[in-house]
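**Q** Sequence first, predicted coordinates after that:
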Amino acid sequence: MVETIEILQKMNPWWIGKDFDYGLIRGKYLEKIKSYLTTREILILTGVRRAGKTTLLFQTIKYLLEKGVEPKQILFVNFDEVDVSSLKDSIRNVIGSFYNEIADRNKKAYIFFDEIQNVNEWEKWAKTIYDEKKDQLIISGSSSYLLAGNLARLISGRYFLIDVFPLDFNEYLKFKNVKIEKRLDLISRKNEITKLLKKYLKEGGYPRVVLEDNEKLKEEHLKNYYESIVLKDVILIHKVRQEKLMKELIYYLASNFTQLYSYKNLSEFLS
């Protein structure tokens, strides 16, 4: 129990009044999340890796603290962390420690579970928290894991789903500190915006990549994202046995995305 509390304290700095990083605000998602916090339903954030789901969880926590929610009524757990995954029966351990040692059970708690797909039978725990009609559960995870599991069967009708995407161009401009206040700005700043559009189309809208100034690090981040998505969200979840062949196919499709495909020409490529 003591070990679990120590791990949770590191992940929840607001318990002791410490500041924490919550990134640049993504208003269109945060406003939607706020509107759902008045309901009982489980809130699920899904999307491609590195799209900014974890940052949105921290922004929601920041909002709750500003609204006056007591710090110890807010729990955040990242199940991708080694310390948490090493705990025996991690989710039971975490919930038990929070309820028994930290939170006031007479008040509503807000529970944030990040990378929930790393927990076996997490859907049952989500349903249990929901059925107690007391606390709000907000979770995030990779789309492929969550949607491939027992989500619909076990908590059908009990959740709201928010798909989180990388930055659109409007958000990209805000992250680059470019303010477009009126349509005429698009004309007067045409060259600047066109240049940024070309850069956006090249590097994409992953928040960390957009905020990185070092071009080599941008490339490294994108390469790591690609490898992580292919391995964890395609090969592992679908139990692909011919890993090398799958990677070659994905690379081929990404390199020829303007072409039309047929089963025949893909078969010829694979053979």
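**A** Everything's here; your move. The shown structure was predicted, so the numbers you read here are calculated from the model rather than taken from an experiment. Residues are numbered from 1 along each chain as shown.
**Q** Assign Leu87 to helix, strand or coil.
**A** coil (DSSP: H, G, I helix; E, B strand; the rest coil).
**Q** actually Val77, not the one I wrote
**A** Val77 is classified as strand under three-state DSSP.
**Q** Please apply the same query to the one 3 residues further on.
**A** Following three-state DSSP, Asp80 is assigned to coil.
**Q** Tell me which residues touch it, please.
**A** Asp114, Glu115, Asn118 (C-beta atoms under 8 Å, 6 or more residues apart in numbering). C-beta here means a position set from N, CA and C on the backbone, and glycine is covered the same way.
**Q** Need those in TSV (columns: distance to Tyr251).
**A** Shown next, in TSV, are the contacts of Asp80 (distance: C-beta to C-beta, whole Å):
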residue	distance to Tyr251
Asp114	30
Glu115	27
Asn118	27
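**Q** I'd like these as CSV, with distance to Glu192, secondary structure and neighbour count appended.
**A** Output for those, formatted as CSV (distance: C-beta to C-beta, whole Å; DSSP: H, G, I helix; E, B strand; the rest coil; neighbours: other C-beta atoms under 10 Å):
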residue, distance to Glu192, secondary structure, neighbour count
Asp114, 37, strand, 22
Glu115, 38, coil, 21
Asn118, 43, helix, 19
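**Q** So which of those residues is the closest to Thr54?
**A** Thr54 has its nearest neighbour among the contacts of Asp80 in Asp114, at 5.4 Å by C-beta to C-beta.
**Q** And the residue nearest the centre of the chain, how far from Glu181?
**A** Residue closest to the average C-alpha location in the chain (C-alpha atoms, centre = their mean): Lys53, at 2.5 Å. Lys53 sits 29 Å away from Glu181, going by C-beta to C-beta, to the nearest Å.
**Q** any low-confidence regions in this protein?
**A** Low-confidence segments of the chain, defined by pLDDT under 70: 1-2, 88, 143-154.
**Q** Domain parsing of it, as residue ranges.
**A** 2-163, 169-257 (automatic domain parsing).
**Q** and among these, the most buried is which?
**A** domain 2-163 (a mean of 17; mean count of other C-beta atoms under 10 Å).
**Q** how far out from the middle of the chain is it?
**A** Counting by C-alpha atoms, centre = their mean, to the nearest Å, domain 2-163 is centred 11 Å from the centre of its parent chain.
**Q** before we move on, back to that, so is the closest residue to the residue nearest to the centre of the chain other than its chain neighbours in a helix, a strand, or just coil?
**A** Leaving out its chain neighbours, the residue that sits closest to Lys53 by C-beta to C-beta, 6 or more residues apart in numbering is Ser140, at 4.2 Å. Three-state call for Ser140 (three-state DSSP): strand.
**Q** quick one: Ser140 and Asn118 touch, right?
**A** No. Contact criterion C-beta atoms under 8 Å: Ser140 and Asn118 do not qualify, at 11.4 Å.
**Q** isn't there a strand covering Ile111?
**A** Yes. Assigned with three-state DSSP, Ile111 falls within a strand.
**Q** any idea how far it lies from Pro166?
**A** In terms of C-beta to C-beta, Ile111 sits 26 Å off from Pro166.
**Q** What ranges does the stretch 151-271 of the chain have for its helices?
**A** Assigned by DSSP state H, counting those that start in this stretch, the helices in the stretch 151-271 of the chain fall at 151-155, 169-175, 184-188, 190-203, 207-211, 215-228, 243-255, 263-270.
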